[in-house]
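Chemist: Dropping a prediction and its sequence here:
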Amino acid sequence: MKKYRIPLSIVAFLIALGISVVYYFLAPDEAANTSGVLEFILQHGHSIVWVCLSLAALSMVSTKTQSIAKWFAYLALLAYLAFFVALLIATGEFPQISTDSP
């Protein structure tokens with residue numbers, strides 16, 4: 001499997017980068033009804049996730065930078081979490097905490 005590490009990493013990088021370009025031009029409809037940070041996250045969040053994943057794949061090419069790959073993957077996870085929460089907020093599906101006592 002070691003002999004395929006470099007070609008597979010490059011293919012994964014190119015696929016993830018291609019997906020990030022697609023998501024740059026596709027944004028959820030909810031982004032049109034928001035503004036500020038929420039709008040930015042909805043417009044670019046999913047693309048940022050895929051850029052981070054492509055950088056993680058690219059980091060796997062060299063054995064010296066493989067430890068960096070996990071940090072790009074963690075960053076992708078945080079970016080996706082932010083995107084998901086922003087989408088829940090924009091659609092009104094985010095759980096509301098009630099302050100009313102029973």
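Modeler: Received the coordinates, thanks.
Chemist: What about V37, how many residues nearby?
Modeler: Under the neighbour criterion other Cβ atoms under 10 Å, V37 is assigned a count of 10. (Each C-beta comes from the backbone N, C-alpha and C, glycine too.)
Chemist: how about stretch 2-11: buried residues?
Modeler: Judged by neighbour count (16 or more other Cβ atoms under 10 Å), stretch 2-11 contains these buried residues: S9.
Chemist: so how far is G92 from L75?
Modeler: 28 Å (Cβ to Cβ, to the nearest Å).
Chemist: ok, those two, which is more surrounded?
Modeler: Taking neighbours as other Cβ under 10 Å, L75 and G92 compare with L75 leading, 17 against 8.
Chemist: Other residues contacting stretch 69-88?
Modeler: With contacts defined as Cβ atoms under 8 Å, 6 or more residues apart in numbering, stretch 69-88 is touched by 28, 30, 34, 38, 41-42, 45-46, 48-50, 52-53, 55-57, 59-60, 94.
Chemist: Need phi/psi at the closest residue to Q66 other than its chain neighbours.
Modeler: Nearest residue to Q66, sequence neighbours excluded (Cβ to Cβ, 6 or more residues apart in numbering): M60, at 5.7 Å. With angles defined as degrees, to the nearest 10, M60 sits at phi -80, psi -10.
Chemist: Report whether the expected contact of S54 with A16 is present.
Modeler: Yes - assessed by Cβ atoms under 8 Å, S54 is found in contact with A16 at 3.6 Å.
Chemist: Identify the residue nearest the geometric centre of the protein.
Modeler: V49 (1.7 Å; Cα atoms, centre = their mean).
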